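*Asks:* I'd like to go over a predicted model; first the sequence, then the structure.
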Amino acid sequence: MSRILVTGGAGFIGSNLCKRLLEEGNEVICADNLFTGSKANIRELFANPNFEFIRHDVITPLYVEVDKIYNLACPASPPHYQYNPIKTMKTSILGTMNMLGLAKRVKGRILQASTSEVYGDPDSAHHPQTESYWGNVNPIGIRSCYDEGKRAAETLCFDYHRQNGVDIKVIRIFNTYGPNMNPDDGRVVSNFIVQAIKGDDITIYGDGKQTRSFCYVDDLVDGMIRLMESEQGFMGPCNMGNPGEFTMLELAEKVIELTGSKSKITFESLPQDDPKQRKPDISLAKEKLSWEPKIALEEGLQRTIEYFRGVCL
């Protein structure tokens with residue numbers, strides 16, 4: 001049994017991670033300021049005597065005694081991280097610094113949740129994206145608070161390791177979906193499913209030819225735990241996502257098919273700096289962690305649609 005802190009633990013990925021860690025017999029402290037997280041996501045966990053919830057913002061230091069830290073705290077969808085971009089930057093930089101300081105004090109291991117957004121809008125020569133690609137990020141655009149905040153957080157992790165010997169793991173998470181997503185988070189999967197269930201028009205931004213790769217949350221959580229438990233010295237960064245690549249139009253059509261919706265597809269202009277293509281090269285995860293996703297898009301969408309029918313109808 002380990003005593004584990006999960007920041008952002010009431011969020012979409014964090015709540016699924018907390019549940020899995022408890023199932024494996026660990027003590028879990030969930031810290032969340034509930035800006036995008038929700039107590040509803042962790043309601044079933046409160047009955048577990050090994051679970052503890054702390055309402056806390058990682059911008060402020062947290063003093064707890066733990067063995068491991070999963071630092072997931074940061075709004076991850078454009079409407080949420082653009083709502084208060086300065087706060088987003090503070091969460092990524094000050095929050096990560098505080099969690100690294102905690103890991104240093106308790107001599108614990110920390111896994112930093114980074115993102116495929118560190119690659120920005122990849123050029124065609126870097127597709128799929130490997131961990132060695134330095135990215136194509138606009139440092140002053142409307143998405144920069146998230147992209148550059150996460151890039152700076154990675155820098156802090158490696159500097160804390162080099163300067164203070166902190167035991168770090170850095171994961172770059174690609175598009176993830178599944179139960180406990182916020183219906184209003186503005187992510188493409190939740191947008192499409194909610195619109196289809198309600199019979200509203202499904203909104204595609206751009207011409208629908210831009211691509212994403214979608215990983216079901218159970219697969220991601222499995223990979224996160226494998227990275228956390230991996231050998232000493234393998235720090236990453238490590239891509240984690242599903243390399244299956246789909247256009248937005250293909251995704252919309254699949255959601256309509258699986259929901260049996262009468263929704264029509266409409267098109268609007270593409271937001272600034274929205275990536276045209278995104279696909280992970282997961283060779284490193286396969287080699288070091290023996291990890292690759294198991295749940296295909298159709299199965300994962302069916303599970304996610306069932307979840308949204310329960311919260312939206």
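*Replies:* Structure's in. What do you need?

*Asks:* which element is residue 88 on?
*Replies:* Using DSSP states H and E, the element containing residue 88 is helix 85-90.

*Asks:* And stretch 197-208, what's buried?
*Replies:* For stretch 197-208, the neighbour count (16 or more other C-beta atoms under 10 Å) marks 197, 202-204 as buried. Every C-beta, even on glycine, is put in place using the N, C-alpha and C of the backbone.

*Asks:* CA atoms of that stretch as CSV?
*Replies:* Written as CSV, here are the backbone C-alpha positions of stretch 197-208 (Å, rounded to 0.1, in the frame of the first residue of the first chain):
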residue,chain,number,x,y,z
ILE,A,197,-28.2,13.1,-27.6
LYS,A,198,-30.1,16.4,-27.5
GLY,A,199,-30.8,16.3,-31.2
ASP,A,200,-29.0,19.6,-31.7
ASP,A,201,-26.8,20.3,-34.8
ILE,A,202,-23.3,18.9,-34.4
THR,A,203,-20.8,21.8,-34.7
ILE,A,204,-17.5,21.1,-36.5
TYR,A,205,-14.9,23.9,-36.5
GLY,A,206,-13.1,24.2,-39.8
ASP,A,207,-13.7,21.8,-42.7
GLY,A,208,-13.7,18.7,-40.6
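
*Asks:* Now do it: everything it contacts.
*Replies:* Contacts of stretch 197-208 with the rest of the structure, by C-beta atoms under 8 Å, 6 or more residues apart in numbering, involve 191-192, 195-196, 247-249, 252, 255-256, 259, 261-271, 274, 305, 308-309, 312-313.

*Asks:* could you give the mean pLDDT of it?
*Replies:* Across stretch 197-208, pLDDT averages out at 92.

*Asks:* again, but for stretch 7-17
*Replies:* Mean pLDDT, stretch 7-17: 98.

*Asks:* and the end-to-end length of that stretch?
*Replies:* 11 Å (C-alpha to C-alpha, to the nearest Å).

*Asks:* Against which helices or strands is whichever strand or helix holds residue 299 packed?
*Replies:* Assessed by DSSP H and E, residue 299 sits inside helix 297-312. Packing partners of helix 297-312 (3 or more C-beta pairs under 8 Å, 6 or more residues apart in numbering; DSSP states H and E): strand 176-177, helix 188-198, strand 215-216, helix 248-259.

*Asks:* The first one pairs with which strands?
*Replies:* Strands that pair with strand 176-177, judged by DSSP bridges, come out as strand 215-216 (parallel).

*Asks:* quick one: pLDDT of the closest residue in space to residue 146 that isn't next to it in sequence?
*Replies:* Among residues not flanking residue 146 along the chain, residue 81 sits closest, at 4.4 Å (C-beta to C-beta, 6 or more residues apart in numbering). pLDDT for residue 81: 89.

*Asks:* Touching, residue 81 and residue 89? I think so.
*Replies:* No - assessed by C-beta atoms under 8 Å, residue 81 is found out of contact with residue 89, at 9.3 Å.

*Asks:* More neighbours: those two, which one.
*Replies:* Counting neighbours by other C-beta atoms under 10 Å for residue 81 and for residue 89 shows that residue 81 has the greater number, 26 against 21.

*Asks:* Flag every buried residue along the lowest-mean-pLDDT helix or strand in the chain.
*Replies:* Least confident element among the helices and strands of the chain, by mean pLDDT, DSSP states H and E: helix 78-81 (a mean of 86). Using 16+ other C-beta under 10 Å as the test for burial, helix 78-81 gives 78, 80-81.

*Asks:* How far off centre is it?
*Replies:* Centroid separation between helix 78-81 and its chain, computed with C-alpha atoms, centre = their mean, to the nearest Å, is 13 Å.
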